[in-house]
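Colleague: Could you work out the structure for the sequence below:
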Amino acid sequence: MFRLSRFTRRQGLMATLALAATAFAFPSDAQQPLNGKTVKILVGFPPGGGTDAIARVLAEHLKDELGATVIVENKPGAGGQLAAQALKSAAPDGTTLFLSHDHSISILPQVVKTPGFDPAVDFVPVAGFATFVNAFAVSGGTPAKSFNDYVGWVKSSGGGKGAVGVPAPASVPEFLVKLVGEKYKLDLVAAPYRGSAPMMADMLGNQIAAGVGSVPDFIENHKSGKLRIVAVLGGSRQPALPDVPTFAELGLAGFEDVPYYGVFAPAGTPKPVLDQVSGALAKVLAKPAVHDRLTGMGLTVGHMSGEQLGQRERAYTAVWAKIIKATGFVPQ
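Modeller: Numbering: from 1, shown residues only. Prediction:
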């Protein structure tokens, strides 16, 4: 019978231990299931808007952390509804993700009778990466330098009537327009667009005097002086906009709960895939270049686990359920 010598057995044992240590230090492809694949990040708004810009910053860096090809696919329409429906029908393997803020996940299911998806059933939160606030901005063609200037200008030049752009119908910006009108006794009409990019184009062209959207939508043009952010939501002034008051400071309370940005996957996506994406996103957010870029866009950057994102989404949904009900809005 062939027998290994003690030295040979020892060599074999050492080799086995070395192999195990290597496998531990360098996870196998089975532990990194998206390696070498193409990952598509759905965005529910057109190119050129704030959400699109954020997605492209993250996609550029995620490709290295995931070891995958990462592309952004815009599916604009119905305030992100089409992108959400596309996520629902995608294979639950991590190759299709949805980068979204609060509107598509928390608001749409409350204002549309048949949205075609149920976030609690059809999606799984992967990770959150930021919170932000919405803002009220005026176009460069208006003489208003502050929110109170805008109110006075509408009353004096428009007889109290005015149109305010919003990036989607039945959205947080639209409800804000309604409540601002009631508070300041203005006849304001929300003019819905198919995303922030076309709204911004009309504001920059002075086709509409004011708009409500996220700070990332407005901030670059605010910095360049092409439009002016005159008020923000949230409980405190924004670091990127220290001179801009909150609506609470202006006397309109109730908008202190801030919305979120997160990444979602189809329900049934395996946990190793979710963990890989969440871990990769955490590493990307830790890069100073990425952190500074997103902060400069008006985001408060911070990684949230899938569980934390789910908790944040449910809390925000509950807050806005009360506000939507108080406005008397009937789902369409």
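Colleague: Have a look at the chain and report its longest strand.
Modeller: Longest strand of the chain, by residue count under DSSP state E: strand 123-131.
Colleague: Relative to that one, what are the paired strands and their orientations?
Modeller: With DSSP bridges as the test, strand 123-131 is paired with strand 260-266 (antiparallel), strand 300-305 (antiparallel).
Colleague: Mind listing what's buried along it?
Modeller: Going by neighbour count (16 or more other C-beta atoms under 10 Å), the buried part of strand 123-131 is Phe123, Val124, Pro125, Val126, Ala127, Gly128, Phe129, Ala130, Thr131. To be clear about C-beta, it is placed using only N, CA and C from the backbone, and glycine gets the same treatment.
Colleague: Please apply the same query to stretch 219-237.
Modeller: Ile219, Glu220, Asn221, His222, Leu227, Arg228, Ile229, Val230, Ala231, Val232, Leu233, Gly234.
Colleague: Turn the residues you listed into a markdown table, including distance to Ala197 and pLDDT.
Modeller: Below are the buried residues of stretch 219-237 laid out as a markdown table (distance: C-beta to C-beta, whole Å; pLDDT from 0 to 100):
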| residue | distance to Ala197 | pLDDT |
| --- | --- | --- |
| Ile219 | 14 | 93 |
| Glu220 | 12 | 93 |
| Asn221 | 12 | 95 |
| His222 | 16 | 96 |
| Leu227 | 14 | 97 |
| Arg228 | 19 | 98 |
| Ile229 | 17 | 98 |
| Val230 | 21 | 98 |
| Ala231 | 22 | 97 |
| Val232 | 20 | 96 |
| Leu233 | 21 | 93 |
| Gly234 | 23 | 90 |
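Colleague: Keep only those of those residues that are in strands.
Modeller: Leu227, Arg228, Ile229, Val230, Ala231, Val232.
Colleague: Present those as a markdown table; the columns should include distance to Ala326.
Modeller: Below are those laid out as a markdown table (distance: C-beta to C-beta, whole Å):
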| residue | distance to Ala326 |
| --- | --- |
| Leu227 | 30 |
| Arg228 | 29 |
| Ile229 | 26 |
| Val230 | 25 |
| Ala231 | 20 |
| Val232 | 21 |
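Colleague: His61 contacts Ala282, doesn't it?
Modeller: No - look at His61 against Ala282 with C-beta atoms under 8 Å: they stay out of range, at 11.6 Å.
Colleague: Compare those two and say which is more crowded by neighbours.
Modeller: Ranked by neighbour count (other C-beta atoms under 10 Å), His61 and Ala282 place His61 first, with 19 against 16.
Colleague: Once you drop chain neighbours, what's closest to the more buried one?
Modeller: Val284 (4.4 Å; C-beta to C-beta, 6 or more residues apart in numbering).
Colleague: I'd say that neighbour and Val290 touch.
Modeller: Yes - here Val284 reaches Val290: they are 5.5 Å apart, a contact under C-beta under 8 Å.
Colleague: Which elements pack onto the one helix or strand Val290 maps to?
Modeller: Secondary structure from DSSP states H and E places Val290 in helix 288-296. For helix 288-296, the packing partners by 3 or more C-beta pairs under 8 Å, 6 or more residues apart in numbering; DSSP states H and E come out as helix 50-66, helix 271-285, strand 300-305.
Colleague: and Thr114, how far is that from Tyr193?
Modeller: Distance, Thr114 to Tyr193, using C-beta to C-beta, to the nearest Å: 22 Å.
Colleague: Between the two, tell me which one has more neighbours.
Modeller: Tyr193 (24 against 7).
Colleague: quick one: the more buried one from Met304, how far?
Modeller: For Tyr193, the distance to Met304 - C-beta to C-beta - is 29 Å.
Colleague: Stretch 160-176: end-to-end distance?
Modeller: 17 Å (C-alpha to C-alpha, to the nearest Å).
Colleague: List the buried residues of it.
Modeller: Those would be 162-176, for stretch 160-176 by 16+ other C-beta under 10 Å.
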